[in-house]
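Q: Pasted the sequence and its predicted model underneath.
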Amino acid sequence: MESKDTMVGTYNRAGEVKAFGEMKIGVKGLVDTGITQIPRIFHHPQVFLANPKPSSTVRIPIINLGGGMFESKVMRETVIAKVRVAVEKFGFFQVINHGIPVDVMEKMKDGIREFHEQDSEVKKTFYSRDITKKVKYNTNFDLYSSQAANWRDTLTTVMAPDVPKADDLPNICGEIMLEYTKRMMKLGELIFELLSEALGLKSNHLKEMDCAKSLSLLSHYYPPCPEPDRTFGISSHTDISFITILLQDHIGGLQILHDGYWIDVPPNPEALILNLGDLLQLITNDQFVSVDHRVLANRGEEPRISIASFFMHTIPNEQVYGPIKELLSEENPPKYRDTTTTEMATHYLARGLDGTSPLLHFKI
Ligand code: OGA
Ligand code: NI
(Lines give C-alpha, C1' and ligand atoms only; values in the text may rest on other atoms or scores of the structure.)
(Ligands and ions follow the chains in the order given, each with its own letter.)
Protein backbone atom coordinates (compact mmCIF):
# COMPACT_ATOMS: atom_id res chain seq x y z
CA MET A 1 0.00 0.00 0.00
CA GLU A 2 1.19 3.54 -0.74
CA SER A 3 1.93 5.69 2.27
CA LYS A 4 -0.60 8.46 2.72
CA ASP A 5 1.74 11.36 2.07
CA THR A 6 2.47 10.26 -1.50
CA MET A 7 -1.21 10.53 -2.40
CA VAL A 8 -2.23 13.91 -3.77
CA GLY A 9 -5.92 14.42 -4.34
CA THR A 10 -7.01 11.20 -5.95
CA TYR A 11 -3.77 10.16 -7.62
CA ASN A 12 -0.51 8.55 -6.68
CA ARG A 13 1.89 11.38 -7.39
CA ALA A 14 5.03 9.58 -6.22
CA GLY A 15 4.26 6.66 -8.54
CA GLU A 16 3.73 8.89 -11.57
CA VAL A 17 6.86 10.92 -10.82
CA LYS A 18 8.88 7.71 -10.58
CA ALA A 19 7.44 6.34 -13.81
CA PHE A 20 8.32 9.58 -15.63
CA GLY A 21 11.83 9.69 -14.12
CA GLU A 22 12.55 6.10 -15.05
CA MET A 23 11.66 6.65 -18.70
CA LYS A 24 14.78 8.90 -18.87
CA ILE A 25 13.36 10.77 -21.86
CA GLY A 26 12.88 14.12 -20.15
CA VAL A 27 10.17 16.66 -20.92
CA LYS A 28 11.45 16.81 -24.50
CA GLY A 29 10.64 13.09 -24.83
CA LEU A 30 7.08 13.69 -23.63
CA VAL A 31 6.57 16.49 -26.15
CA ASP A 32 7.90 14.22 -28.90
CA THR A 33 5.12 11.72 -28.19
CA GLY A 34 2.67 14.40 -29.35
CA ILE A 35 0.85 15.04 -26.06
CA THR A 36 -1.69 17.87 -26.01
CA GLN A 37 -2.16 17.94 -22.24
CA ILE A 38 0.61 17.95 -19.67
CA PRO A 39 0.73 15.16 -17.06
CA ARG A 40 -0.63 16.27 -13.68
CA ILE A 41 2.75 15.88 -11.96
CA PHE A 42 3.58 19.19 -13.71
CA HIS A 43 0.50 21.06 -12.43
CA HIS A 44 1.41 23.91 -10.10
CA PRO A 45 -1.19 25.25 -7.66
CA GLN A 46 -3.04 28.16 -9.23
CA VAL A 47 -2.01 30.52 -6.44
CA PHE A 48 1.69 30.26 -7.43
CA LEU A 49 0.90 30.71 -11.09
CA ALA A 50 -1.15 33.85 -10.52
CA ASN A 51 0.81 35.67 -7.82
CA PRO A 52 2.32 38.14 -7.52
CA LYS A 53 1.32 40.16 -10.57
CA PRO A 54 3.75 40.94 -13.40
CA SER A 55 4.90 44.49 -14.00
CA SER A 56 5.71 45.51 -17.55
CA THR A 57 7.53 48.77 -16.91
CA VAL A 58 10.59 48.19 -14.72
CA ARG A 59 13.82 46.77 -16.23
CA ILE A 60 17.06 45.61 -14.62
CA PRO A 61 20.11 47.81 -15.37
CA ILE A 62 22.40 47.13 -18.34
CA ILE A 63 26.06 47.77 -17.52
CA ASN A 64 28.72 48.21 -20.20
CA LEU A 65 31.93 46.51 -19.07
CA GLY A 66 33.97 48.06 -21.89
CA GLY A 67 35.55 44.72 -22.74
CA GLY A 68 36.89 44.42 -19.20
CA MET A 69 39.75 46.83 -19.91
CA PHE A 70 39.11 50.06 -18.09
CA GLU A 71 40.93 52.99 -19.59
CA SER A 72 41.06 54.90 -16.36
CA LYS A 73 40.54 54.49 -12.66
CA VAL A 74 37.53 56.77 -12.97
CA MET A 75 35.91 54.48 -15.52
CA ARG A 76 36.44 51.48 -13.27
CA GLU A 77 35.00 53.37 -10.30
CA THR A 78 31.97 54.36 -12.38
CA VAL A 79 31.30 50.73 -13.32
CA ILE A 80 31.74 49.61 -9.70
CA ALA A 81 29.25 52.28 -8.56
CA LYS A 82 26.73 51.02 -11.15
CA VAL A 83 27.28 47.41 -10.04
CA ARG A 84 26.72 48.38 -6.40
CA VAL A 85 23.43 50.16 -7.18
CA ALA A 86 22.25 47.28 -9.42
CA VAL A 87 22.93 44.55 -6.89
CA GLU A 88 21.54 46.48 -3.95
CA LYS A 89 18.39 47.49 -5.82
CA PHE A 90 17.72 44.41 -7.99
CA GLY A 91 20.18 41.61 -7.18
CA PHE A 92 20.35 41.29 -10.98
CA PHE A 93 21.84 43.18 -13.91
CA GLN A 94 22.77 42.59 -17.53
CA VAL A 95 26.28 43.13 -18.86
CA ILE A 96 27.33 44.04 -22.40
CA ASN A 97 30.88 44.28 -23.80
CA HIS A 98 31.73 41.52 -21.34
CA GLY A 99 34.48 39.97 -23.44
CA ILE A 100 32.64 36.83 -24.64
CA PRO A 101 32.17 37.15 -28.42
CA VAL A 102 28.60 36.89 -29.72
CA ASP A 103 29.58 34.04 -32.06
CA VAL A 104 30.84 31.98 -29.10
CA MET A 105 27.51 32.60 -27.33
CA GLU A 106 25.56 31.63 -30.46
CA LYS A 107 27.59 28.45 -30.95
CA MET A 108 27.13 27.56 -27.30
CA LYS A 109 23.31 27.85 -27.57
CA ASP A 110 23.40 25.82 -30.82
CA GLY A 111 25.54 23.11 -29.20
CA ILE A 112 23.18 22.81 -26.24
CA ARG A 113 20.14 22.67 -28.51
CA GLU A 114 21.81 19.90 -30.53
CA PHE A 115 22.62 17.97 -27.35
CA HIS A 116 18.99 17.99 -26.24
CA GLU A 117 17.66 17.27 -29.73
CA GLN A 118 19.85 14.24 -30.43
CA ASP A 119 18.58 10.67 -30.23
CA SER A 120 17.18 9.91 -26.78
CA GLU A 121 19.22 6.69 -26.67
CA VAL A 122 22.42 8.78 -26.75
CA LYS A 123 21.10 11.18 -24.10
CA LYS A 124 20.11 8.26 -21.86
CA THR A 125 23.77 7.29 -21.52
CA PHE A 126 24.29 10.57 -19.60
CA TYR A 127 21.11 10.30 -17.53
CA SER A 128 21.87 10.45 -13.79
CA ARG A 129 20.80 12.06 -10.50
CA ASP A 130 24.07 11.38 -8.70
CA ILE A 131 25.13 14.75 -7.19
CA THR A 132 28.81 13.81 -7.35
CA LYS A 133 28.69 13.02 -11.08
CA LYS A 134 30.48 15.68 -13.14
CA VAL A 135 28.63 15.27 -16.41
CA LYS A 136 24.96 14.40 -16.31
CA TYR A 137 21.68 14.95 -18.08
CA ASN A 138 18.31 14.77 -16.38
CA THR A 139 14.98 16.50 -16.03
CA ASN A 140 14.12 18.55 -12.89
CA PHE A 141 17.07 18.07 -10.50
CA ASP A 142 14.45 18.11 -7.71
CA LEU A 143 11.94 15.78 -9.44
CA TYR A 144 11.56 13.58 -6.35
CA SER A 145 11.45 16.35 -3.73
CA SER A 146 9.44 19.18 -5.32
CA GLN A 147 5.67 19.63 -5.03
CA ALA A 148 5.26 20.01 -8.78
CA ALA A 149 7.61 19.34 -11.69
CA ASN A 150 8.77 21.98 -14.18
CA TRP A 151 8.77 21.95 -18.00
CA ARG A 152 12.54 21.72 -18.47
CA ASP A 153 15.46 19.32 -19.07
CA THR A 154 19.07 20.07 -18.09
CA LEU A 155 22.61 18.99 -18.92
CA THR A 156 24.81 19.71 -15.86
CA THR A 157 28.59 19.76 -16.24
CA VAL A 158 31.36 20.61 -13.78
CA MET A 159 33.90 22.67 -15.77
CA ALA A 160 36.34 24.04 -13.15
CA PRO A 161 38.65 23.87 -11.25
CA ASP A 162 39.25 20.46 -12.84
CA VAL A 163 38.65 21.06 -16.52
CA PRO A 164 37.08 17.99 -18.14
CA LYS A 165 38.66 16.43 -21.18
CA ALA A 166 36.67 16.81 -24.41
CA ASP A 167 36.12 13.02 -24.28
CA ASP A 168 34.33 13.29 -20.91
CA LEU A 169 31.79 15.74 -22.36
CA PRO A 170 29.02 14.97 -24.85
CA ASN A 171 30.54 14.71 -28.31
CA ILE A 172 28.07 17.07 -29.89
CA CYS A 173 28.80 20.12 -27.67
CA GLY A 174 32.00 19.33 -25.72
CA GLU A 175 34.35 21.52 -27.69
CA ILE A 176 32.21 24.67 -27.54
CA MET A 177 31.58 24.08 -23.83
CA LEU A 178 35.34 24.15 -23.22
CA GLU A 179 35.74 27.32 -25.29
CA TYR A 180 32.81 29.02 -23.54
CA THR A 181 34.17 28.00 -20.13
CA LYS A 182 37.60 29.46 -20.81
CA ARG A 183 36.03 32.84 -21.51
CA MET A 184 33.47 32.56 -18.72
CA MET A 185 36.22 31.95 -16.13
CA LYS A 186 37.89 35.21 -17.18
CA LEU A 187 34.64 37.13 -16.97
CA GLY A 188 33.94 35.55 -13.56
CA GLU A 189 37.27 36.82 -12.23
CA LEU A 190 36.47 40.35 -13.38
CA ILE A 191 33.00 40.27 -11.85
CA PHE A 192 34.33 39.04 -8.48
CA GLU A 193 36.89 41.87 -8.51
CA LEU A 194 34.16 44.43 -9.17
CA LEU A 195 31.92 42.92 -6.50
CA SER A 196 34.78 42.91 -3.96
CA GLU A 197 35.38 46.58 -4.62
CA ALA A 198 31.65 47.33 -4.51
CA LEU A 199 31.72 45.86 -0.99
CA GLY A 200 34.61 48.16 -0.06
CA LEU A 201 37.07 45.24 0.07
CA LYS A 202 40.33 44.89 -1.84
CA SER A 203 39.73 43.70 -5.37
CA ASN A 204 41.14 40.21 -4.77
CA HIS A 205 39.10 39.48 -1.66
CA LEU A 206 36.39 37.25 -3.14
CA LYS A 207 38.87 35.56 -5.47
CA GLU A 208 41.10 34.75 -2.49
CA MET A 209 38.08 33.14 -0.86
CA ASP A 210 37.96 30.88 -3.95
CA CYS A 211 34.59 32.26 -5.14
CA ALA A 212 35.82 32.43 -8.76
CA LYS A 213 37.52 29.05 -8.73
CA SER A 214 34.76 26.56 -9.48
CA LEU A 215 32.21 26.56 -12.26
CA SER A 216 29.29 24.32 -13.17
CA LEU A 217 27.20 24.84 -16.30
CA LEU A 218 23.46 24.16 -16.17
CA SER A 219 22.46 23.95 -19.82
CA HIS A 220 18.69 24.07 -19.97
CA TYR A 221 16.19 23.12 -22.68
CA TYR A 222 12.60 24.35 -22.25
CA PRO A 223 10.43 22.56 -24.83
CA PRO A 224 7.22 24.18 -26.09
CA CYS A 225 4.51 23.49 -23.54
CA PRO A 226 0.97 22.54 -24.66
CA GLU A 227 -0.56 23.97 -21.44
CA PRO A 228 1.74 26.81 -20.40
CA ASP A 229 -0.75 28.24 -17.91
CA ARG A 230 -0.55 25.16 -15.68
CA THR A 231 3.20 24.96 -15.03
CA PHE A 232 6.56 26.73 -15.04
CA GLY A 233 9.82 26.35 -16.94
CA ILE A 234 11.49 26.79 -13.57
CA SER A 235 9.50 27.78 -10.54
CA SER A 236 10.44 30.66 -8.23
CA HIS A 237 13.80 30.10 -6.57
CA THR A 238 17.09 31.68 -5.56
CA ASP A 239 20.40 30.29 -6.81
CA ILE A 240 22.69 28.51 -4.35
CA SER A 241 25.83 29.84 -6.10
CA PHE A 242 28.10 32.77 -5.22
CA ILE A 243 27.01 34.27 -8.54
CA THR A 244 25.28 33.02 -11.69
CA ILE A 245 25.94 34.36 -15.19
CA LEU A 246 23.11 33.46 -17.54
CA LEU A 247 23.04 33.24 -21.31
CA GLN A 248 19.45 33.17 -22.62
CA ASP A 249 18.23 32.91 -26.19
CA HIS A 250 15.60 35.03 -27.97
CA ILE A 251 12.48 33.31 -26.56
CA GLY A 252 12.11 35.09 -23.19
CA GLY A 253 10.15 34.08 -20.10
CA LEU A 254 12.68 34.89 -17.36
CA GLN A 255 11.26 37.06 -14.57
CA ILE A 256 12.71 38.39 -11.34
CA LEU A 257 10.89 39.45 -8.20
CA HIS A 258 11.28 43.17 -7.52
CA ASP A 259 9.29 45.24 -5.01
CA GLY A 260 6.56 42.62 -4.97
CA TYR A 261 6.21 42.38 -8.77
CA TRP A 262 7.57 39.98 -11.38
CA ILE A 263 9.57 41.93 -13.91
CA ASP A 264 10.64 40.54 -17.30
CA VAL A 265 14.27 40.21 -18.35
CA PRO A 266 13.88 40.69 -22.12
CA PRO A 267 16.28 38.79 -24.40
CA ASN A 268 19.31 40.71 -25.69
CA PRO A 269 21.61 38.72 -28.00
CA GLU A 270 24.70 40.59 -26.82
CA ALA A 271 24.04 40.56 -23.11
CA LEU A 272 24.66 38.15 -20.27
CA ILE A 273 22.53 38.29 -17.14
CA LEU A 274 24.20 38.32 -13.78
CA ASN A 275 22.66 37.51 -10.43
CA LEU A 276 23.89 36.94 -6.93
CA GLY A 277 23.32 33.63 -5.21
CA ASP A 278 22.63 32.49 -1.66
CA LEU A 279 26.31 31.85 -0.88
CA LEU A 280 27.17 35.46 -1.68
CA GLN A 281 24.24 36.71 0.40
CA LEU A 282 25.52 34.60 3.30
CA ILE A 283 29.14 35.79 3.13
CA THR A 284 28.11 39.44 2.68
CA ASN A 285 25.78 39.14 5.68
CA ASP A 286 22.77 40.27 3.58
CA GLN A 287 24.50 43.35 2.11
CA PHE A 288 24.05 41.75 -1.32
CA VAL A 289 20.92 39.69 -1.73
CA SER A 290 19.99 36.64 -3.72
CA VAL A 291 16.74 37.48 -5.48
CA ASP A 292 13.87 35.17 -6.45
CA HIS A 293 13.44 34.48 -10.13
CA ARG A 294 11.54 32.07 -12.36
CA VAL A 295 10.95 31.12 -15.99
CA LEU A 296 7.42 30.88 -17.38
CA ALA A 297 6.54 27.72 -19.28
CA ASN A 298 7.40 28.12 -22.94
CA ARG A 299 4.24 29.08 -24.86
CA GLY A 300 5.96 29.36 -28.26
CA GLU A 301 6.58 26.79 -30.98
CA GLU A 302 10.35 26.68 -30.61
CA PRO A 303 12.35 25.39 -27.63
CA ARG A 304 14.01 27.91 -25.29
CA ILE A 305 17.72 27.42 -24.55
CA SER A 306 19.61 28.94 -21.65
CA ILE A 307 22.96 28.26 -20.04
CA ALA A 308 23.47 29.19 -16.39
CA SER A 309 27.10 29.44 -15.27
CA PHE A 310 27.06 28.70 -11.55
CA PHE A 311 30.18 29.86 -9.74
CA MET A 312 30.19 27.49 -6.78
CA HIS A 313 32.22 24.56 -5.54
CA THR A 314 31.72 21.07 -6.79
CA ILE A 315 30.11 18.78 -4.28
CA PRO A 316 31.53 17.31 -2.08
CA ASN A 317 33.47 20.33 -0.76
CA GLU A 318 34.22 21.02 2.89
CA GLN A 319 35.54 24.59 2.58
CA VAL A 320 33.86 26.64 5.32
CA TYR A 321 32.01 29.89 4.53
CA GLY A 322 30.51 32.44 6.91
CA PRO A 323 29.96 36.22 6.91
CA ILE A 324 33.17 38.08 5.88
CA LYS A 325 34.84 39.44 9.05
CA GLU A 326 35.78 42.77 7.42
CA LEU A 327 32.09 43.52 6.80
CA LEU A 328 31.02 42.86 10.41
CA SER A 329 30.83 45.33 13.29
CA GLU A 330 28.99 45.82 16.54
CA GLU A 331 26.05 47.27 14.57
CA ASN A 332 26.32 44.53 11.95
CA PRO A 333 26.78 41.24 13.82
CA PRO A 334 26.86 37.97 11.85
CA LYS A 335 23.41 36.84 10.71
CA TYR A 336 24.53 33.41 9.53
CA ARG A 337 26.51 30.53 10.96
CA ASP A 338 29.37 28.94 9.09
CA THR A 339 28.48 26.30 6.53
CA THR A 340 29.86 24.44 3.51
CA THR A 341 28.66 24.10 -0.07
CA THR A 342 28.01 20.43 0.60
CA GLU A 343 25.73 21.21 3.54
CA MET A 344 23.89 23.91 1.58
CA ALA A 345 23.46 21.78 -1.53
CA THR A 346 22.20 18.81 0.48
CA HIS A 347 19.63 21.07 2.13
CA TYR A 348 18.64 22.60 -1.23
CA LEU A 349 18.14 19.23 -2.86
CA ALA A 350 16.14 17.74 0.01
CA ARG A 351 13.57 20.54 -0.05
CA GLY A 352 13.25 21.19 -3.81
CA LEU A 353 12.35 24.59 -5.23
CA ASP A 354 9.54 25.45 -2.83
CA GLY A 355 9.68 29.23 -3.06
CA THR A 356 11.13 29.88 0.41
CA SER A 357 14.73 30.96 1.01
CA PRO A 358 17.02 28.05 1.85
CA LEU A 359 19.16 30.61 3.73
CA LEU A 360 16.67 30.68 6.63
CA HIS A 361 18.11 27.31 7.64
CA PHE A 362 21.54 28.91 8.23
CA LYS A 363 20.39 31.99 10.19
CA ILE A 364 21.82 32.48 13.66
C1 OGA B 1 18.76 28.66 -13.06
C2 OGA B 1 17.87 29.67 -13.69
C3 OGA B 1 17.04 30.72 -15.67
C4 OGA B 1 16.92 30.46 -17.12
O5 OGA B 1 19.33 27.82 -13.79
O6 OGA B 1 18.92 28.72 -11.83
O7 OGA B 1 17.30 30.45 -12.97
O8 OGA B 1 16.58 31.39 -17.85
N9 OGA B 1 17.77 29.70 -15.01
O10 OGA B 1 17.15 29.32 -17.53
NI1 NI C 1 18.19 30.45 -11.05
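A: Happy to help now that I have it. Residues are numbered from 1 along each chain as shown. Ligands and ions are numbered 1, 2, ... in the order given.
Q: does ligand 1 sit close to the strand or helix carrying M159?
A: Per DSSP states H and E: M159 is located in strand 153-160. No - against ligand 1, strand 153-160 shows no contacts by C-beta under 6 Å from any ligand atom, the least distance being 7.7 Å. (Each C-beta comes from the backbone N, C-alpha and C, glycine too.)
Q: How about the residue most central in space within the chain: what's its closest non-neighbour residue?
A: With distances taken as C-alpha atoms, centre = their mean, the residue of the chain nearest its centroid is A308 (5.0 Å). Leaving aside its sequence neighbours, A308 sits nearest to L218 (C-beta to C-beta, 6 or more residues apart in numbering; 4.3 Å).
Q: quick one: that neighbour from E175, how far?
A: 19 Å (C-beta to C-beta, to the nearest Å).
Q: Give me the more crowded residue out of those two.
A: Neighbours were counted for L218 and for E175 using other C-beta atoms under 10 Å; L218 has more, 20 against 13.
Q: If you count contacts, what does the helix or strand encompassing the more buried one end up packed against?
A: Using DSSP H and E, L218 sits within strand 215-222. Under the contact criterion of 3 or more C-beta pairs under 8 Å, 6 or more residues apart in numbering; DSSP states H and E, strand 215-222 touches helix 102-117, strand 153-160, helix 174-198, strand 232-237, strand 304-311.
Q: Is any residue of the fourth one near ligand 1?
A: Yes - for strand 232-237, a contact with ligand 1 is found by C-beta under 6 Å from any ligand atom, at I234.
Q: Just list what that strand packs against, helices and strands only.
A: Against strand 232-237 (3+ C-beta pairs under 8 Å, 6+ apart) you get helix 46-50, strand 215-222, strand 293-296.
Q: so how far is that strand from its chain's centroid?
A: Computed by C-alpha atoms, centre = their mean, to the nearest Å, the chain-centroid distance of strand 232-237 equals 11 Å.
Q: go on, the longest one?
A: For helix 174-198, the gap between its own C-alpha mean and the chain's C-alpha mean amounts to 15 Å (C-alpha atoms, centre = their mean).
Q: Please point out which parts of the helix or strand following it sit buried.
A: Per DSSP H and E, the first helix or strand lying C-terminal to helix 174-198 is helix 205-208. Residues of helix 205-208 classed as buried: 205-207 (neighbour count, 16 or more other C-beta atoms under 10 Å).
Q: Going by distance to M185, which of the residues you listed wins?
A: K207 (11.3 Å; C-beta to C-beta).
Q: pLDDT at the closest one, what is it?
A: In this prediction, K207 carries a pLDDT score of 98.
Q: Can you report how many residues neighbour the closest residue to it other than its chain neighbours?
A: Excluding the flanking residues, the one nearest K207 by C-beta to C-beta, 6+ apart is F192, at 5.3 Å. Residues near F192, counting by other C-beta under 10 Å, number 24.
Q: Give me the distance between F192 and L65.
A: 13 Å.
Q: about what we covered before: quick one: which of the buried residues of helix 205-208 is nearest to R183?
A: K207 (17.1 Å).
Q: Might you report the residue contacts of that closest one?
A: 189, 192-193, 196, 213 (C-beta atoms under 8 Å, 6 or more residues apart in numbering).
Q: what about 10 Å?
A: 188-189, 192-193, 195-196, 213 (C-beta atoms under 10 Å, 6 or more residues apart in numbering).
Q: which among the residues you listed are in contact with ligand 1?
A: Okay, of the contacts of K207, nothing touches ligand 1 (C-beta under 6 Å from any ligand atom).
Q: Considering the residues you listed, which possesses the most neighbours?
A: Neighbour-wise, the contacts of K207 (other C-beta under 10 Å) top out at L195, 27 neighbours.
Q: just to revisit the earlier point, tell me which of the buried residues of helix 205-208 is nearest to N138?
A: L206 (30.6 Å).
Q: Next up, the contacts around that closest one.
A: 189, 191-197, 199, 212, 242-243, 280, 283-284, 311, 324.
Q: which residues in the stretch 201-350 of the chain form helices?
A: Per DSSP state H, counting those that start in this stretch, the stretch 201-350 of the chain carries helices over the ranges 205-208, 278-283, 341-351.
Q: Just say which of the ones you listed is most tucked in.
A: Counting by mean count of other C-beta atoms under 10 Å, helix 278-283 has the highest mean neighbour count of the helices of the stretch 201-350 of the chain, with a mean of 24.
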